[in-house]
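Undergrad: predicted coordinates and the sequence they were generated for:
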Amino acid sequence: MLGVRLEPELEQRLSQLAEKTKRSKSFLAKEALRDYLDRLETQERRRQETLARWEAYEQSEESVPHEAMEDWLMSWGDDEEKACPTTK
């Protein structure tokens, strides 16, 4: 069980939306919290993946040359789109 104190404006907005949607305030609050936590968890997972990739790069120092990436990106949408470049 969780009790949350809302400032008056937020409480009013929640009440109005609950009335318009014919949903309870608790239902809307749970849905909002679920969506918010999903976004934050995704953000944190991506941050951790980025940190792991950076650490792997620092250890290997492998990278794709800028020109190869640029060449690949410029081919997007062409009939003969080039394959994504990889490290050597």
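TA: Received, thanks.
Undergrad: I'd like the mean pLDDT over the lengthiest helix in the chain, please.
TA: Longest helix in the chain by number of residues (criterion: DSSP state H): helix 25-60. For helix 25-60, mean pLDDT rounds to 95.
Undergrad: skipping adjacent residues, who's closest to A18 in space?
TA: What sits nearest to A18 in space, not counting adjacent residues and going by Cβ to Cβ, 6 or more residues apart in numbering, is K25, at 4.7 Å. The way it works is simple: take the backbone N, C-alpha and C, and place the C-beta from them, glycine included.
Undergrad: quick one, grab the pLDDT at the residue lying closest to T86 once chain neighbours are set aside.
TA: Take T86 and drop its neighbours on the chain: the residue closest to it by Cβ to Cβ, 6+ apart is V64, 6.8 Å away. Looking at V64, its pLDDT stands at 88.
Undergrad: using the three-state scheme, assign V64.
TA: coil (DSSP: H, G, I helix; E, B strand; the rest coil).
Undergrad: tell me, how many residues neighbour it?
TA: Neighbours of V64 under the rule other Cβ atoms under 10 Å: 13.
Undergrad: residues contacting it?
TA: Residues in contact with V64 (Cβ atoms under 8 Å, 6 or more residues apart in numbering) are 85-87.
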